[in-house]
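> Next input, structure requested:
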Amino acid sequence: MPDEIKHGENGLGTIVAALIIAAAAIYAINVLTSTRKERAPSRNLEEGIERIKDAASKAAAERQ
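Sure thing, here's the model as predicted:
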């Protein structure tokens, strides 16, 4: 009797690999969106600080 060669079994390895890839994609999307959210307030803060500096320098110039 020849030995039987089993191929594919039940596909558990494929399912696990697909779950790992899906989790990695979700993680990458979350990192990208959270990074963009953090950058926007810092830009607004920098612009606000520059406006305050400009206003202070104009006020100081008017006093002289």
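> State the number of residues packed around Ser42.
Other residues within reach of Ser42, judged by other Cβ atoms under 10 Å, total 9. To be clear about C-beta, it is placed using only N, CA and C from the backbone, and glycine gets the same treatment.
> to the chain's geometric centre, what's the distance from the helix or strand harbouring it?
Taking DSSP states H and E as the criterion, Ser42 maps to helix 12-63. Helix 12-63 sits 8 Å away from the centroid of its parent chain (Cα atoms, centre = their mean, to the nearest Å).
> Kindly report the same for stretch 52-64.
On Cα atoms, centre = their mean, the centre of stretch 52-64 falls 39 Å from the chain's centre.
> Give me the contact list for it.
Contacts to stretch 52-64, defined as Cβ atoms under 8 Å, 6 or more residues apart in numbering, come from no residue at all.
> Please tell me how far Ala55 sits from Glu46.
15 Å (Cβ to Cβ, to the nearest Å).
> swap in Ala18?
Distance from Ala18 to Glu46, by Cβ to Cβ: 43 Å.
> Then Asn30?
Applying Cβ to Cβ to Asn30 and Glu46 gives a distance of 25 Å.
> Same check on Arg63?
Distance from Arg63 to Glu46, by Cβ to Cβ: 26 Å.
> of the two, who's got more company?
Glu46 (10 against 6).
> how far away is that one from Lys53?
11 Å.
> What number of residues are in the vicinity of Glu47?
10.
> So for it, what's the pLDDT?
At Glu47, the pLDDT value in this model is 85.
> for the one 5 residues further on, same thing?
Predicted confidence (pLDDT) at Ile52: the value is 89.
> for Arg39, same thing?
59.
> Likewise for Ile20?
92.
> From Asp54, how far off is it?
52 Å.
> Find the centremost residue of this protein, please.
Closest to where the C-alpha atoms of the chain average out (Cα atoms, centre = their mean) is Leu32, at 1.8 Å.
> Please tell me how far that residue sits from Gly11.
For Leu32, the distance to Gly11 - Cβ to Cβ - is 31 Å.
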